[in-house]
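Undergrad: Fold the following.
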Amino acid sequence: MENLLHFMVQQSKAIRTLQQQLIAQNTLKAEVTAPPKFDKSREAVVGFVNACHLYAKARLEGVDNKRKISWVLSYVQGGVAEVWKDNILDEIETMEELFKKIREEFGEFDEESKKVDELRLLVQGSRTCNEYVQEFKRVARESGYEGRALIEEFKRGLNKTIRRRLAEAESLPSTITDWQDKAVKLDRNMRQSRAEEKVLAGTTRFQGTGIQKGGIRKGWSQQGAFRGG
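TA: Numbers count the residues shown, from 1 in each chain. From the prediction side, this is the model:
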């Protein structure tokens with residue numbers, strides 16, 4: 001216990017000394033902002049690591065790894081992060097190892113959380129189903145969703161008409177791949193059908209321009225017989 005307290009006192013002195021040296025350094029080096037305090041906030045992982053990299057490159061040149069690590073950890077404060085900091089002190093020897101530990105402990109969860117939020121907001125909208133599927137696959141890849149939960153999220157984002165028709169089909173899709181393939185095929189068929197209807201409607205209107213006053217089409221008698229010429 002005494003050894004631990006002695007070590008902590010030494011670390012605190014080293015941090016204060018390092019901070020004083022940094023303040024006393026001349027201003028020839030690049031002016032950069034010190035990193036923000038890090039408290040395990042999910043949104044802070046990337047920003048904190050990048051800020052530490054930038055500051056260390058500009059201000060900690062020539063400083064040994066042990067003191068660099070102590071400097072970075074001096075900005076890790078509060079809650080679970082404080083406990084985590086104490087637990088990994090003996091496991092790291094370089095700043096890169098420390099940053100890797102930070103990403104492993106907090107960064108992956110942060111990225112997964114963002115992907116989950118993005119997945120829950122994803123909808124097909126005016127896009128083709130194929131475009132929706134490709135975007136869904138990209139987001140779902142790092143969301144942690146799988147199985148039935150992944151299928152339900154995919155169904156939720158589909159346009160209502162496609163979702164209803166697939167649910168009413170004789171052979172209900174059973175896997176996420178099956179849902180995606182059938183949704184793309186149905187969407188393609190529906191779009192093709194609507195395009196054909198527009199063409200047919202345009203053709204009908206064009207044919208209708210041959211109707212003469214009185215409702216008799218040019219080239220036809222009132223009795224319905226065609227008159228040549």
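Undergrad: Does V45 touch R103 like I think?
TA: Yes - using C-beta atoms under 8 Å, V45 is in contact with R103, at 6.7 Å. Backbone N, C-alpha and C define where each C-beta goes, glycine included.
Undergrad: Tell me which of the two has more neighbours.
TA: Between V45 and R103, counted using other C-beta atoms under 10 Å, the more crowded position is V45 (21 against 15).
Undergrad: and the more buried one, that's in a helix?
TA: Yes - counting by DSSP: H, G, I helix; E, B strand; the rest coil, V45 is part of a helix.
Undergrad: separation between it and L122?
TA: 23 Å (C-beta to C-beta, to the nearest Å).
Undergrad: and if you look at Y132?
TA: Y132 is 8 Å from L122, by C-beta to C-beta.
Undergrad: Give me the distance from stretch 44-58 to the chain's centre.
TA: 22 Å (C-alpha atoms, centre = their mean, to the nearest Å).
Undergrad: L166 contacts V184, correct?
TA: No - with contact defined as C-beta under 8 Å, L166 does not reach V184; the gap is 10.9 Å.
Undergrad: For this structure, give me the ranges with low pLDDT.
TA: 1-9, 11-32, 39-43, 107-112, 204-229 (pLDDT under 70).
Undergrad: burial of K198, as a residue count?
TA: 10.
Undergrad: just the one 5 residues further on next, same as before
TA: Residues lying near T203 (other C-beta under 10 Å) number 10.
Undergrad: And it, how far from A56?
TA: Separation of T203 from A56 (C-beta to C-beta): 72 Å.
Undergrad: Same question for K115.
TA: 30 Å.
Undergrad: Hmm, E153 is touching E118, no?
TA: No - counting by C-beta under 8 Å, E118 is not a contact partner of E153; they are 10.8 Å apart.
Undergrad: Of those two, which one has the most company?
TA: More crowded of E153 and E118, by other C-beta under 10 Å: E153, with 19 against 15.
Undergrad: nearest spatial neighbour of that one, skipping sequence neighbours?
TA: L119 (5.6 Å; C-beta to C-beta, 6 or more residues apart in numbering).
Undergrad: Now for the one you found, how many residues are close by?
TA: 22.
Undergrad: my read: it touches S143, true?
TA: Yes - in this structure, L119 is within contact of S143 by C-beta under 8 Å, at 4.9 Å.
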